[in-house]
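Chemist: Pasting the sequence and the predicted coordinates here, then a few questions.
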Amino acid sequence: MRFIRVLGAIVSFYGLTYIVYGLEQSLGMVEYRANAYIIELNLSIGVITFVIGIGLLLAKEWARNAWLVATTVLLAQHIYFLGMAIVDRLSPTGQILNVILITFLFLIAWLKLTTSSVKQHFQ
């Protein structure tokens, strides 16, 4: 059960970082000009992952399923963004770090949240 709570806290924090970054982009506090689509995407990811994190903290079955789907989508999305950064000849450092982070979260989620010993703690 402790694992689920720690994962929920990490996922909630991950969501908050996206929310803060999206707000910084919308207020022009980043060093590049982000278009409205990117700002909305970051805010959406932030809100969705924050809500999933709260659900994981409460050990809700819907949050377990949602996090498994979300990590898969986020991993694919960040790999795509990394590829686009390389094609556009932008610095890929930030995207590489995002891919590494979400890969760890993806592996942890799929290796742990799909086991019967962990599933039994969800309602």
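Modeler: Sure, I can see it. This one's a predicted model, so the numbers in the text were calculated from it and none came from an experiment.
Chemist: Quick one, grab the pLDDT at residue 91.
Modeler: Turning to residue 91, the model gives it a pLDDT of 89.
Chemist: ok, now how distant is it from residue 32?
Modeler: 11 Å (C-beta to C-beta, to the nearest Å). No exception for glycine: its C-beta is placed from N, CA and C like everyone else's.
Chemist: Determine how far stretch 79-91 lies from the middle of the whole chain.
Modeler: 19 Å (C-alpha atoms, centre = their mean, to the nearest Å).
Chemist: tell me which residues of that stretch are tucked away?
Modeler: 81-82, 85 (16 or more other C-beta atoms under 10 Å).
Chemist: Helix or strand for residue 12, just tell me which one.
Modeler: helix 2-26 (DSSP states H and E).
Chemist: correction: residue 28
Modeler: Counting by DSSP H and E, residue 28 is part of no helix or strand.
Chemist: same question, residue 110
Modeler: With DSSP H and E as criterion, residue 110 is part of helix 93-112.
Chemist: Need the contact partners of that helix.
Modeler: Here helix 93-112 makes contact (C-beta atoms under 8 Å, 6 or more residues apart in numbering) with 3, 7, 10-11, 14, 67-68, 71-72, 74-75, 78-79, 81-82, 85, 118.
Chemist: quick one: that helix to helix 2-26, angle?
Modeler: Per axes from the mean of the first three to the mean of the last three C-alpha atoms, to 10 degrees, the angle that helix 93-112 makes with helix 2-26 is 150 degrees.
Chemist: Export helix 93-112 to CSV, keeping only CA atoms.
Modeler: Taking Å, rounded to 0.1, in the frame of the first residue of the first chain, the C-alpha atoms of helix 93-112 are listed here in CSV:
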residue,chain,number,x,y,z
THR,A,93,18.3,17.8,-23.7
GLY,A,94,15.0,18.6,-22.1
GLN,A,95,13.1,16.1,-24.3
ILE,A,96,15.7,13.4,-23.5
LEU,A,97,15.2,14.0,-19.8
ASN,A,98,11.4,13.8,-20.3
VAL,A,99,11.7,10.5,-22.2
ILE,A,100,13.9,9.1,-19.4
LEU,A,101,11.5,10.2,-16.7
ILE,A,102,8.4,8.9,-18.3
THR,A,103,10.1,5.7,-19.3
PHE,A,104,10.9,5.0,-15.6
LEU,A,105,7.3,5.9,-14.7
PHE,A,106,6.0,3.7,-17.5
LEU,A,107,8.1,0.7,-16.4
ILE,A,108,7.2,1.1,-12.7
ALA,A,109,3.5,1.4,-13.5
TRP,A,110,3.3,-1.6,-15.8
LEU,A,111,5.6,-3.8,-13.7
LYS,A,112,4.0,-3.1,-10.4
